[in-house]
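Chemist: Predicted model and sequence below, questions to follow.
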Amino acid sequence: MLPVYSKLSKDSVSGKPTRIGEKISNLVRLILSDKNSRNLFLFLILNLSFAFVELLYGIWSNSLGLISDSFHMFFDCYGLVAGLAASIITKWKPNERYSYGYVRAEVIAGFCNGLLLIYIGFYILSEAVERLMEPPEVKHDRLLLVSVLGLLVNLVGVYAFQHGHGHSHGGMSHGHSHGGGGHSHNNSSSHSHSHGGHSHSHNGHGHSHNGHFDLNQIHMEEPENNNMMGKNSHIMQGVFLHILADTLGSVAVIISSFLMWTFGWLIADPVCSIFIAVLICVSVIPLIRDTTEVLLQRTPRELEPVLGGCYQRVMQLEGVFSVQEPHFWTLCSEVFVGAIKLEVAKNADPRYIISQTHNIFATVGVRQLYVQLDYSLT
Amino acid sequence: MLNADKNRISQGSTINDKYLRNGTGSSGTDRSRLPWFVILLVCVKFLSSTATFLLANVFTSSSTNHVPLTADVHYPPTGIFGRWTQSFHTLAFIQLSSGVVFTIVQKPFASGSKVSVSFWEWVRIGRHAVISIVFLMIWTSGLQLSGPFRTIFVATQYDYTLAGIFTAFFVVKSGPRLRGAVLFIAGLCVLLLFDHDAPSASPVQPTVNRVADKTFVTKRSVGILVLIFSLVLKLGFNAFAKTLAADLGGSKKLHALSTLISGIMLFFLVLIDLIAGADLFPFRSNFFSLIFIVMFGFVASFYIDHACLKRMEASKVARIGSLGSQISALVLSLLWVSTDVPTVVSLVAFAFVCLGTFSLTATEKHPSGGGSFVGYSSDGLPLFSFSNQAASEGVSMWKDVVAWMLSLLRQIQDDGTSRKIFYFFLINLTFTCVEFLCGTLSNSLGLISDGFHMLFDTIALLIGLCASVMCRWPPTPIFPFGYGRVEIIAGFINSLFLLVVAVVVFFEAFQRLFDPPTLLETHRLLPVSIIGLVVNLCGILAFKNSTSVDHSHHNANIKGIFLHILADTIGSIGVIISSFAIHQWGILIVDPVCSIIVATLVTYSTNPSPNLGHGRCSRLQESQVLVPCNRHFHSHFVVQVEKDEFISSRNKNTVDIEEDPDIDPFRKAEFVMQNRISGMGSESTNVSTFEIALV
């Protein structure tokens, strides 16, 4: 199963225009195929068109404020662009450089979006403190209209993405048992050590191992597209937070301009800004924490309460002495990978132990498990 | 309860036994009806709030009657205390008389004399007394600066609440406590930041505040700052006084002795002061109010706190007591004639702090909470039963925090790189603080915005510092792979932020290119940016060494920090050049052009930063080819952690190889594979997979 590359296949595609057109149509098809990325794409188009209208109107009416606000809108779109790019990248196939595929782009996108939001919060805070000292003259009449329109656009976004984000935490119940081949290798005692063979579950790629080890393998045929695909929950969470922050910003502008207009409180603007900045930072913290934990290969929070029970059940299997060095980590959202070492009796049945271990961990949602058997000498 | 019974049997300590029974018995009674001590607590809290208001009143009246001259004309201050004379004299009177009252009630020399007080303990009591004098002085100046209302709801807090804030951020991290802590701190921040517009709303305050209103920092916010400082001080002070109280046999005895001693000390100081020529504080006119202050503000509230702590849970006492005093402060400030009316902002802050206290003192609903509560008291020595359990929990919490910080410092000092980062971080932090202080004092916007910029740099350094410390932590069950990746993530964060900054600068420059601002404060920016350049050059020199010598292979963290400093340097150079050009030749377009160049440079320099070392997998592929029966290879997931160290499950056959640092990891992999091939050759039926990732 070593990857085989042919350079010919790439060069054989000739004619640049068709390639680009093909690429674009492929890209659009890819985007529209998934619900999340479709939502992202449509909302991005909505936002961009809004910004364009603002820019054109600004140029037409020669208002510098509108132009700069439209630039701001363009700048706001980068969160969406990042989310969209990540949701496409996650669909790329694994290659020899990225043997797990690009599914972790999801986590990184969520992390980046969170960091950028933190940065935005920080930026707003610093601006607000400056304004607190010298409240500037704000022309609220034009600002009010723009921010009401922005609020409407963002509210659409909030409703659109609440769905995708809401039910992303439910499903880790489909525990397939991915059979790995239960392979073990009982070393001869001429070595002072015994090392176990490895069992290895492999997802998707519905091919069977032909060869002389078939009897050791418990195969689970899985649909191809279900392999190692998370639900992109981090991306969606990041984008949702981004839109939420924008919405809050528009709300703040509306409230503060209302207050300034009716009561003449110039201080309302920076106070609202500080409040928004703090709100943004606080709401981003869970996302940053989750993604950082995934990137630091933390034992998944979802598995933490059940892992102890799993170890117990594994230990109760016949021939298993102890469970050593369990390593569980999250590949992307809801895809957990684990490695575990079992100390087993000299005459233990490796097939039974490994398949049972796989079953046990599959029920809690570990899709990929490496079991290493260590044969005790006694 | 079962647990408690077991403990009681096993321990057999009579004192402990008594207190346990006492505690459980009374907790049964207070469910049925509102007990008398709760009513008493609320009453005494109201009276002590009144006493605080009276004290403030005494101060203001004496300052308006007696020393208006010193405030206006800046007389040379009389006596050795200068402008602190009146508060000093008042404090001396209060401490001395309350010390006498405590001594009469407590009789520390007669009743508790089963443990005789040694010389060393006298010294410790003296130290305690001196610190409490300092604490009282800080509190009094806070009271004078910010008024009684704010003083009460900021500084009149129980240890339980304060310890709760610490636990919320370091231990619990969720639930009502965290909410409470966030609310509390938000209230303080609101008070600090926004209360300065208050004097314009209230016409009572005369010219002093009008002058202060112009600057960003007012007298009042300084007072709040002082009070917050005194809060932190109080927590630490009480925590460390607990051991002394235990040695002496009771915190009441300690309090009595220390108050008496501090009173005597203050009395002698006042005598010296009088000899030096100060005029005595007018005690006679304020005698009754001072007596009231002593009786209710100091003595009665202390005793009622202790009585209630013995009968109720600490959380309840803290909730009832602090809410009582806060609400009575609100009522009093509305009713009191001579103080200013509380402003809207301070009312908002008050609501924040009240809600925060409310949820901080919420009783925990942990199922194990009750059991551990009793168990803790019986596990601990009988000394803990004198004080409340939660306060002792706060003490251990405080000590944990201190120990944690010390160990952190040691960890920083252990490694050369993190030490370097730490020193540079300190330099940057001081620079930031100086900029903020100067900016707020001189009311210069440019300095403050530059201070925010520096703060951003400081945060970047802090991230790098955390990473360089954390990456050496050992693996835990929760983080089974260790923390080595923190470095990579920190480098990633730093370079990402740099990229964002560059983009923002680019956008702004673009805007300025079309619409150049007419007035630029070049004269103010120039010195700041030159100092910044010098600081950053130091950083570059320091980290250039460490990147070239210590870490010949890539270290994303150091690289990220280095890039950040480099970008700052480039930025300072850009500012210097552009302000020079504008100053000399008046070319306004230079500024945005410089900014664009800087942004491009920064973007370019960030580019290779998050390079996690690819291109090695191809070598892995080569090493796979060595294996003859390659169709049995499944996917090889090489999870590269850092510094080419593969995740290892420490298999017995590889331990000895792994610990030899000289061997190339790929050699290792090959070696192991060869090993396995030979094994496979003998028993080929069993082996199908190699897992290099789990060498």
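Modeler: Here it is on my side, so go on.
Chemist: phi, psi of A:N95?
Modeler: Dihedral pair for A:N95: phi -130, psi -170, per degrees, to the nearest 10.
Chemist: Likewise for A:W329?
Modeler: Dihedral pair for A:W329: phi -150, psi 170, per degrees, to the nearest 10.
Chemist: Spatially nearest residue to it, not counting backbone neighbours?
Modeler: Spatial nearest neighbour of A:W329, excluding adjacent residues (C-beta to C-beta, 6 or more residues apart in numbering or on different chains): A:Q297 at 4.3 Å. (C-beta placed from N, C-alpha, C; glycine too.)
Chemist: correct me, but that neighbour touches B:P480?
Modeler: Yes - contact criterion C-beta atoms under 8 Å: A:Q297 and B:P480 qualify, at 7.1 Å.
Chemist: Return the list of strands paired to the helix or strand A:K341 falls within, each annotated with direction.
Modeler: A:K341 belongs to strand A:335-344 when assigned by DSSP states H and E. Applying DSSP bridges, strand A:335-344 is found paired with strand A:320-332 (antiparallel), strand A:366-375 (parallel).
Chemist: if you average pLDDT over the last one, what comes out?
Modeler: To tie it back to what came earlier, the one meant is strand A:366-375. The average pLDDT within strand A:366-375 is 86.
Chemist: Also the longest one?
Modeler: Summarised as a single mean, pLDDT over strand A:320-332 is 86.
Chemist: What of stretch A:246-261?
Modeler: Stretch A:246-261 shows a mean pLDDT of 81.
Chemist: outside of it, which residues touch it?
Modeler: A:76, A:124, A:138, A:140, A:143-144, A:147-148, A:150-151, A:154-155, A:157-158, A:265-266, A:268-269, A:271-273, A:275-276, A:279-280 (C-beta atoms under 8 Å, 6 or more residues apart in numbering or on different chains).
Chemist: For it, what is the distance to the chain centroid?
Modeler: Distance of stretch A:246-261 from its chain centroid, counting by C-alpha atoms, centre = their mean, to the nearest Å, is 32 Å.
Chemist: Just the buried residues of it, please?
Modeler: Neighbour-count burial for stretch A:246-261, counted by 16 or more other C-beta atoms under 10 Å in any protein chain shown, picks out A:246-257, A:259-260.
Chemist: What is the neighbour count of B:I530?
Modeler: When neighbours are defined as other C-beta atoms under 10 Å in any protein chain shown, B:I530 has 13 of them.
Chemist: give the contact list for it.
Modeler: Counting by C-beta under 8 Å, 6+ apart, B:I530 makes contact with B:572, B:576.
Chemist: Report pLDDT for it.
Modeler: The model's pLDDT for B:I530 equals 83.
Chemist: try the one 5 residues further on
Modeler: B:V535 carries a pLDDT score of 84 in this model.
Chemist: right, and it touches B:I427 too?
Modeler: Yes - using C-beta under 8 Å, B:V535 is in contact with B:I427, at 6.1 Å.
Chemist: Neighbour count: the two, which is higher?
Modeler: Ranked by neighbour count (other C-beta under 10 Å), B:V535 and B:I427 place B:V535 first, with 21 against 16.
Chemist: what are the ranges of the helices in the stretch 151-300 of chain A?
Modeler: Ranges of helices in the stretch 151-300 of chain A, per DSSP state H, counting those that start in this stretch, are A:233-262, A:268-295.
Chemist: deepest of these, which one?
Modeler: When those are scored by mean count of other C-beta atoms under 10 Å in any protein chain shown, the highest mean neighbour count falls to helix A:233-262 (a mean of 22).
Chemist: now that helix against helix A:268-295, angle please.
Modeler: Here the directions of helix A:233-262 and helix A:268-295 differ by 170 degrees (axes from the mean of the first three to the mean of the last three C-alpha atoms, to 10 degrees).
Chemist: Near B:A307, how many other residues are there?
Modeler: B:A307 has 15 nearby residues by other C-beta under 10 Å.
Chemist: circling back to that earlier point, mean confidence (pLDDT) on the strand holding A:K341, please.
Modeler: Summarised as a single mean, pLDDT over strand A:335-344 is 88.
Chemist: and it, how far from the chain's centre?
Modeler: Using C-alpha atoms, centre = their mean, the offset of strand A:335-344 from its chain centre is 24 Å.
Chemist: So which elements touch the very next helix or strand once past that strand?
Modeler: The C-terminal neighbour of strand A:335-344 among helices and strands, as given by DSSP H and E, is helix A:350-363. On a contact count with 3 or more C-beta pairs under 8 Å, 6 or more residues apart in numbering or on different chains; DSSP states H and E, helix A:350-363 meets strand A:198-201, helix A:304-315, strand A:335-344, strand A:366-375.
Chemist: Buried deepest among the ones you listed, which one?
Modeler: Burial of the helices and strands packed on helix A:350-363 is given as mean neighbour count (mean count of other C-beta under 10 Å); strand A:198-201 ranks first at a mean of 28.
Chemist: how about the residues of the stretch 401-550 of chain B that lie near chain A?
Modeler: Residues of the stretch 401-550 of chain B that fall close to chain A, judged by C-beta under 8 Å from any C-beta of the partner chain: B:443, B:445, B:448-449, B:452, B:455-456, B:477-481, B:483, B:485-486, B:489, B:493, B:496-497, B:500, B:503-504, B:507, B:511, B:515.
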